[in-house]
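[1] build me a structure from this.
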Amino acid sequence: MTLSVGIALAAGEPPREWVDPDTGHRVVRLTDEPNSASLYFNQNGYTPDGKRMVYTTPDGVSVLDLATRASRRIVDGRVRLLEAGRRNARVYYVKDGAAWWAEIDSGAAHRIGALPPRGSVSTVNADETLLAGTYIEGTAGQDFGGQRLAGGAQVHALDQPKNKGQMMEERWAARLPMAMFTMNVNTGDIRVIHRSRDWLNHLLFSPADPTLLMFCHEGPWHKVDRIWTIRTDGTQLTKVHARTMAMEIFGHEFWSADGKTIWYDLQTPRGEDFWVAGYSVDTHARMWYHVQRNEWSIHFNVSRDGKLFCGDGGDPGQVAHAPDGEWIYQFEPELVPNRGVQNAGFVQPGVFRTEKLVNMSRHQYRLEPNVSFTPDGKWVVFRSNMFGPTYVFAAEVAKAGSVR
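    Below you'll find the predicted structure:
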């Protein structure tokens with residue numbers, strides 16, 4: 001079925017699906033609830049069998065069957081959703097100052113334990129034995145730009161605040177003492193694994209190795225060494241990327257599905273030359289895929305088989321100042337053959353071959369689309385306000401009418 005977007009807008013009702021006339025790709029609306037949203041781009045929103053997706057609504061957490069698009073509520077009330085489990089059909093979330101999980105099939109909920117004062121958790125490990133989070137030590141909490149960040153952890157609000165830049169500068173400069181901790185899912189026991197006066201944020205466990213945790217030094221990207229890994233026993237603190245020029249920035253890091261590669265947005269320097277960079281956690285080898293200005297995206301992601309990347313674009317007000325960047329993209333990575341000097345320490349360069357999936361010119365980019373591939377690699381999921389309220393959509397990777 002193909003619907004006219006214009007007709008749907010005139011009728012005041014978002015279309016259920018349509019074929020984008022500018023790209024030839026089918027787009028479907030996955031959620032019915034206004035102001036529903038998929039998870040932040042690097043958080044796991046899919047069940048272990050790959051058949052269902054969890055998402056938030058103003059009234060709680062729901063699960064969607066990706067084949068039938070039937071949905072139902074599994075957690076009631078305003079909670080902060082962390083992730084879906086990779087081993088068990090569960091969702092993990094924070095409610096009333098404590099960490100919880102709920103069974104997706106039955107809705108039965110279990111309280112894991114209370115969080116430390118000024119603390120927050122943000123990720124669950126691969127075997128679902130540990131959560132990880134941070135807290136501000138002592139009585140040093142304070143407000144920044146009118147937004148309190150518990151423990152300094154990222155609060156994934158739907159719309160970005162207008163004063164985010166000022167808030168980031170002030171919070172980074174405060175140098176508050178912080179602790180990074182793990183929480184045992186079975187007992188609620190807390191163990192501090194790292195302390196710092198750097199702003200610790202964006203904790204994300206490896207999807208494959210339950211003892212490996214990625215995190216960032218948060219703040220203005222040109223002022224921080226952002227991406228790090230650490231073991232859950234507090235050892236092997238490792239800096240993932242070292243700056244080689246002034247104003248080089250890197251961030252919005254994410255894992256490959258097999259946990260072997262950390263990918264991230266790299267700019268050399270800021271706002272001028274764009275790459276999606278990869279770092280092998282085992283061999284420390286590096287791959288950099290070049291990105292054109294218009295194709296730079298607020299967030300990138302990768303399919304589970306590693307064969308395709310996607311991006312959510314950006315408006316002219318973003319760091320790339322792209323004149324024509326308001327698209328959902330898919331990218332096919334292509335390495336540049338090395339016919340010259342061989343050196344194991346060299347970066348392996350490559351390029352992206354680009355396909356536009358969705359015209360996002362109606363989208364207001366204060367809401368970041370946060371793209372992800374469905375586990376089968378056939379759809380790119382994103383959130384959008386192109387029809388007013390926020391809904392979750394998916395763009396088909398194959399063009400409409402092609403063999404799938």
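[2] what ranges do the strands span in the stretch 201-350 of the chain?
    212-217, 227-231, 238-239, 249-255, 261-267, 274-280, 286-291, 300-302, 309-311, 327-335, 348-359 (DSSP state E, counting those that start in this stretch).
[3] what's the average pLDDT for the longest helix seen in the chain?
    Secondary structure of the chain per DSSP state H: the longest helix is helix 164-174. Mean per-residue pLDDT for helix 164-174: 88.
[4] direction included, what does the next helix or strand after it pair against?
    Downstream of helix 164-174, the next assigned helix or strand under DSSP states H and E is strand 178-184. Under the criterion DSSP bridges, strand 178-184 sits next to strand 130-136 (antiparallel), strand 190-196 (antiparallel) in its sheet.
[5] okay, now the unreliable bits of the stretch 301-404 of the chain?
    Within the stretch 301-404 of the chain, the stretches with pLDDT under 70 are 402-404.
[6] contacting residues around the closest residue in space to residue 271 that isn't next to it in sequence?
    Nearest non-adjacent residue to residue 271, counting by CB to CB, 6 or more residues apart in numbering: residue 319, 5.0 Å away. Heads up, the C-betas are built off the backbone N, CA and C, glycines and all. If a contact means CB atoms under 8 Å, 6 or more residues apart in numbering, then residue 319 has 267, 270-271, 296 as its contacts.
[7] could you measure from residue 319 over to residue 265?
    Using CB to CB, to the nearest Å, one obtains 9 Å as the distance from residue 319 to residue 265.
[8] list the buried residues of the longest helix of the chain.
    167-168, 171-172 (16 or more other CB atoms under 10 Å).
[9] and which of these is nearest residue 372?
    Residue 372 lies nearest to residue 168 out of these, by CB to CB, at 24.4 Å.
[10] residue contacts, that closest one?
    Counted by CB under 8 Å, 6+ apart, residue 168 has contacts 218-220.
[11] neighbour-wise, which one of these leads?
    When neighbours are taken as other CB atoms under 10 Å, the top entry among these is residue 218 (21 neighbours).
[12] that one contacts residue 200, doesn't it?
    Yes. Look at residue 218 against residue 200 with CB atoms under 8 Å: they come within range, at 7.1 Å.
[13] coming back round to it: what is the nearest of the contacts of residue 319 to residue 361?
    Closest to residue 361, out of all of those and judged by CB to CB, is residue 296, at 16.4 Å.
[14] against residue 365, how distant is the residue nearest to that closest one when sequence neighbours are not counted?
    In this structure, residue 296 finds its nearest non-sequential neighbour in residue 320, 3.9 Å apart by CB to CB, 6+ apart. Distance of residue 320 to residue 365, given as CB to CB: 12 Å.
[15] what about the two, which has more around it?
    Neighbour totals were compared for residue 320 and residue 365, and residue 320 leads with 25 against 21 (other CB under 10 Å).
[16] list the contacts of that one.
    So residue 320 contacts 271, 274, 293-294, 296, 314 (CB under 8 Å, 6+ apart).
[17] filter these to the buried ones?
    274, 294, 296, 314.
[18] show me which pair in those is furthest apart.
    Most distant of the buried ones among the contacts of residue 320, by CB to CB, are 274 and 314, 10.8 Å apart.
[19] common neighbours of the two, please.
    Common neighbours of residue 274 and residue 314, using CB under 8 Å, 6+ apart, are 296, 320.
[20] turn the contacts of residue 319 into JSON lines, including distance to residue 82 and pLDDT.
    Formatted as JSON lines, the contacts of residue 319 follow (distance: CB to CB, whole Å; pLDDT from 0 to 100):
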{"residue": "267", "distance to residue 82": "29", "pLDDT": "98"}
{"residue": "270", "distance to residue 82": "31", "pLDDT": "97"}
{"residue": "271", "distance to residue 82": "32", "pLDDT": "97"}
{"residue": "296", "distance to residue 82": "28", "pLDDT": "98"}
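[21] quick check: the farthest pair among those residues?
    Of all pairs in those, the most separated under CB to CB is 270 and 296 at 11.5 Å.
[22] between the buried residues of helix 164-174, which is closest to residue 249?
    Using CB to CB, these come closest to residue 249 at residue 168, 12.7 Å.
[23] any idea how far residue 134 is from residue 119?
    As judged by CB to CB, residue 134 and residue 119 stand 7 Å apart.
[24] so what's residue 268 up against?
    Contacts of residue 268 (CB under 8 Å, 6+ apart): 244-245, 248, 275.
[25] which one (most neighbours) among those residues?
    residue 275 (22 neighbours).
[26] so where is the stretch 1-150 of the chain shaky, pLDDT-wise?
    If you take pLDDT under 70 as the line, the stretch 1-150 of the chain has these spans: 1-12, 140-150.
[27] which stretches of it form strands?
    Along the stretch 1-150 of the chain, the segments classed as strands by DSSP E, counting those that start in this stretch run 17-19, 25-29, 52-57, 60-65, 71-76, 80-84, 90-95, 98-103, 109-114, 119-124, 130-136.
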